[in-house]
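>>> Pasting the sequence and the predicted coordinates here, then a few questions.
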Amino acid sequence: MTAFPFSAIVGQDEMKRAMILTAIDPSIGGVLVFGDRGTGKSTAVRGLASLLPPITAVPGCPVNSATHDACPDWAEVPEAAPAEVPTPVVDLPLGATEDRVTGALDIEKALTQGKKAFQAGLLARANRGYLYIDEVNLLEDHIVDLLLDVAQTGENVVEREGMSIRHPARFVLVGSGNPEEGELRPQLLDRFGLSVDVASPKDIQTRIEVIQRRDDFEQNPDKFCALWAPEDTRIRDRILSARELLPSVVTPPAMLETCAELCLALGSDGLRGELTLLKAGRALAAWEGQRKLNADHIGIVAPSALRHRLRRDPLDEAGSGTRVTRVVEEVLGA
Amino acid sequence: MDPTRRWAQALLALKLLALEPRLGGVALRARAGPVRDRWMDCLARLPLTPRKVPLTISDEQLFGGLDLAATLAAGREVRAAGLLAQPALLILPMAERAEPGLAARLSQALDTGHRLIAMDEGAGDDEHLAAALRDRLAFHIDLDGIACGDALVSLGTLPEPSDVTASEADVAQIAELSEALGVASPRAALFCLWAARAHAALHRRRALTGEDIEAAAILTLAPRATRLPQQADTSDPPPPPPEGDDPAFNDSDEDQSFDIPQEMLLEAVRAVLPVDILAQVAAKRAHRGAKGSGAGSKKVSNRRGRPLPSRPGRLDGQSRLDLVATLRAAAPWQAIRKAQSKLTRPVEVRASDIRLKRFEEKSDRLLVFTVDASGSAALARLAEAKGAIELLLAEAYARRDHVALVAFRGAQAEVLLPPTRSLVQTKRRLAGLPGGGGTPLAAGLQAGTDIALQARARGMTPTLILLTDGRANVALDGEADRKRAASDSTRMARAALAQGVEALVIDTGRRPERALRTLAETMDGAYLPLPRANADKLSTAVSSALAP
């Protein structure tokens, strides 16, 4: 099935920006998209797949290693030169079993040849790419625990029956969900680098545009994709040049101070907030082709980077996004 | 709308679904009966094979998994196909009881080409199909109140799908319509567009007409409306839209498009909106706030409750072994283990095969009675409130609920009884409850919320029941200041809402107090004015408000 082109999504700029930023710097640590039904959460993630620049990987390697030396020793990788493949975007369905996520014994080999072999799971396939969880707030607790562990260490360890397998599992976690259906545990919330709230478009013109584009796409997907392909390519090229520029983006000491000041004023837990804020700000600077991080960049990414790290204030109904914006204005305006 | 037309509408939805697979499906609200059976019979005419989804379906049945018996017999991996392997017309009976997890899985299935008929058999206003699923089903149909005699028309013939063009003006009109009706989800507007296309195809038209949009809007947008369109004109209802199944009837409309003005379209949709739509919306919202009021919330347990899929683990004397799952886990390894093992045992089981049973149990409910024992309430009502609580306690005892008692009077609130199941103790404390003094409503709310939160941390599901006549006159810090007392209690009510504590406000004043209704709304809880309540009445009211 063809995916709806990323660039054809109407509005939802914050969500699109967050996804682009993680594409520029995967170490930002993933995006959480929370919001109303039918606002294009899943559409954006699926569209992102075709937008991402390809990676070089050894064909047949279960963890998409870049070179033969990096391939895990348990895998039988055929001799072939590394080739360009699309960045993997792996879906983690809600019904996935633990075995399917981490990988398990290859049952066919065990039965037919009596051999112990490891069959890689979804975490292996997502290495160096994206792991997408739709309805992340409904995921079973034990799968969540497992993901937390792997996301933190960047390594998946499977110990079974004298078989001890470890393989790299570094991926960008993208989750989406509807807050009405259940809360997300704070531990998992904190693992996401950026968090975005999406809402249905409010004005008529935008709504017309949304319906029109989606309908055009459904009527003739190929034609619609061809129409938007140049725009998608433009974004992809811009991501690539931003990636090149990223290492040379300078962070003035004053900006470090601003980040710390912001996080202090908001009382966010831990230091992950500052780090993400800094990384996202630098990625944004690179996206805009600038070599120096400035206060505007930080102001723009602050709501996405911080809104999910605040303690919940029981007396505040406006939502943490508004609170971040208010503090950003105070700190940056002063 | 008269039953015959509603029946025609229900059939029309099926026809459109047959022509346009992207419409997702139908949320059918109806009790079991001949009318529903007749409607379900028509499903056989749809191009897909109907498959029933039981509520308790496991992921393996849904998505497919290893067929162990066949695998062992064949000596190679054999996978059993799941229900979702082939595009199908899924039928979900008792849809209102579907767990959020199942609803989410089915929503994902809908995105990949399946169609779903969700049979919502909910009786009251508080039982509804999961919103995520409703949103993905184009048609919401209610067959209640249609008698057998009204449902005589049958489905008729289905034409071939054909291409229908929609102009920009058509799309704009649909967007404006959905805006006017307060339908937020863009998906609904898309459904309307596709349904209109299918309607045009049904009448062998090549382009959309206003009539198509009208019919589609009535089917897709009207059931989702959250507000009445802004129009003062309440004269005659507009003529019913022509319900023509006869293609010849419409041949002359070939080139008409955009011929019905926006106002008339709105009027047509308005005519099918239920009169009490706003009340219904409010009820739905209240329901969301007081989610699962009667029953406790769920927690995973290893001893009792509804079974969940078993998990690997260690036997620790606390949990129970799932023997079948353990053997299944061990089965593929037998060849390898037998080769390695020196002993010959019929089955080689290792510690890593152990699977433990898990259950989901309802957590205990706690009723936190927060009672106004101030002078104003005490004189008239305290005795009645006490009586009502005693009656509720007897009921709570029968349902194994816990109760706690907080009283507020004078300058502060006092926890008279921490959460307990002991009826005798509660009665004794209650009898000794003195009256008189000011009304520190905020302090009472604070103490009640505190108890509720502590109880929740211990795995209970608390409900705060506030009995007061509402004239708060003591602020949180104990000073007699009417204004601050009111703002403090609003603040505490918001805090309770933010913490997700369920609440119920019982107005024991002589006249219903507006401030208390507002307070109940702030807490997103139910409000019960009981101006002349005696203990018996009060108890009935509370138990019906809390009923599952």
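Structure received.
>>> for the residue in the stretch 101-250 of chain A that chain B sits nearest to, what are its contacts?
Going by CB to the nearest CB, chain B is nearest to residue A:108 of the stretch 101-250 of chain A, at 3.8 Å. (Each C-beta comes from the backbone N, C-alpha and C, glycine too.) Counting by CB atoms under 8 Å, 6 or more residues apart in numbering or on different chains, residue A:108 makes contact with B:76-77.
>>> Also residue A:246?
A:24-25, A:282-283, A:286.
>>> you'd agree it is in a helix?
Yes - assignment of residue A:246 by DSSP: H, G, I helix; E, B strand; the rest coil places it within a helix.
>>> low pLDDT regions in the stretch 51-200 of chain A?
By pLDDT under 70, the low-scoring segments of the stretch 51-200 of chain A are A:160-162, A:180-183.
>>> ok, which stretches of it are strands?
A:55-57, A:83-85, A:89-91, A:103-105, A:118-120, A:129-134, A:155-160, A:163-168, A:171-177, A:194-198 (DSSP state E, counting those that start in this stretch).
>>> Serialize the ones you listed to JSON lines and add fields for distance to chain B and mean neighbour count.
Formatted as JSON lines, the strands of the stretch 51-200 of chain A follow (distance: least, CB to the nearest CB, whole Å; neighbours: other CB atoms under 10 Å in any protein chain shown):
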{"stretch": "strand A:55-57", "distance to chain B": "26", "mean neighbour count": "18"}
{"stretch": "strand A:83-85", "distance to chain B": "24", "mean neighbour count": "11"}
{"stretch": "strand A:89-91", "distance to chain B": "9", "mean neighbour count": "18"}
{"stretch": "strand A:103-105", "distance to chain B": "7", "mean neighbour count": "22"}
{"stretch": "strand A:118-120", "distance to chain B": "10", "mean neighbour count": "20"}
{"stretch": "strand A:129-134", "distance to chain B": "6", "mean neighbour count": "24"}
{"stretch": "strand A:155-160", "distance to chain B": "6", "mean neighbour count": "17"}
{"stretch": "strand A:163-168", "distance to chain B": "10", "mean neighbour count": "17"}
{"stretch": "strand A:171-177", "distance to chain B": "9", "mean neighbour count": "25"}
{"stretch": "strand A:194-198", "distance to chain B": "11", "mean neighbour count": "24"}
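>>> where do the helices sit along chain A?
Assigned by DSSP state H, the helices in chain A fall at A:13-24, A:41-51, A:98-102, A:107-112, A:122-125, A:141-153, A:186-191, A:204-219, A:221-245, A:253-266, A:272-287, A:295-306, A:320-333.
>>> Confidence-wise, which of those helices is weakest overall?
Mean pLDDT values for the helices of chain A show the minimum at helix A:107-112, a mean of 72.
>>> For residue B:419, which three-state class applies?
What three-state DSSP gives for residue B:419 is strand.
>>> In contact with it, which residues?
Taking CB under 8 Å, 6+ apart, we find residue B:419 in contact with B:366, B:368, B:402-404, B:451, B:455, B:460.
>>> is it true that residue B:486 touches residue B:515?
Yes - under the criterion of CB atoms under 8 Å, residue B:486 makes contact with residue B:515 at 6.9 Å.
>>> hang on, the earlier thing: looking at the contacts of residue B:419, which is nearest chain A?
Proximity of those to chain A (CB to the nearest CB) peaks at residue B:451, which lies at 15.6 Å.
>>> part of a helix, is that closest one?
Yes - judged by three-state DSSP, residue B:451 forms part of a helix.
>>> coming back round to it: neighbour count: residue B:486 and residue B:515, which is higher?
Higher neighbour count among residue B:486 and residue B:515: residue B:486, with 20 against 16, using other CB atoms under 10 Å in any protein chain shown.
>>> Tell me the residues of the stretch 101-250 of chain A that contact chain B?
Within the stretch 101-250 of chain A, the positions near chain B by CB under 8 Å from any CB of the partner chain are A:105, A:107-108, A:110-112, A:114-116, A:134-135, A:138, A:141-142, A:160-161, A:178, A:180-182, A:200-201, A:204, A:207-208, A:210-212, A:214-215, A:218.
>>> Among the residues you listed, name the buried ones.
By neighbour count, with 16 or more other CB atoms under 10 Å in any protein chain shown, these hold A:105, A:107-108, A:110-111, A:116, A:134-135, A:138, A:160-161, A:178, A:181-182, A:200-201, A:207-208, A:210-212, A:214-215 as buried.
>>> related to what we said a few turns ago, for my notes, please list the strands of the stretch 51-200 of chain A in JSON lines and give distance to residue B:189 for each entry.
Shown next, in JSON lines, are those (distance: least, CB to CB, whole Å):
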{"stretch": "strand A:55-57", "distance to residue B:189": "38"}
{"stretch": "strand A:83-85", "distance to residue B:189": "38"}
{"stretch": "strand A:89-91", "distance to residue B:189": "27"}
{"stretch": "strand A:103-105", "distance to residue B:189": "43"}
{"stretch": "strand A:118-120", "distance to residue B:189": "42"}
{"stretch": "strand A:129-134", "distance to residue B:189": "22"}
{"stretch": "strand A:155-160", "distance to residue B:189": "43"}
{"stretch": "strand A:163-168", "distance to residue B:189": "45"}
{"stretch": "strand A:171-177", "distance to residue B:189": "21"}
{"stretch": "strand A:194-198", "distance to residue B:189": "17"}
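>>> Got the phi and psi for residue B:474?
Phi and psi for residue B:474, reported as degrees, to the nearest 10, are phi -120, psi 130.
>>> That one bridge partners, please.
Under the criterion DSSP bridges, residue B:474 forms beta bridges with residue B:480.
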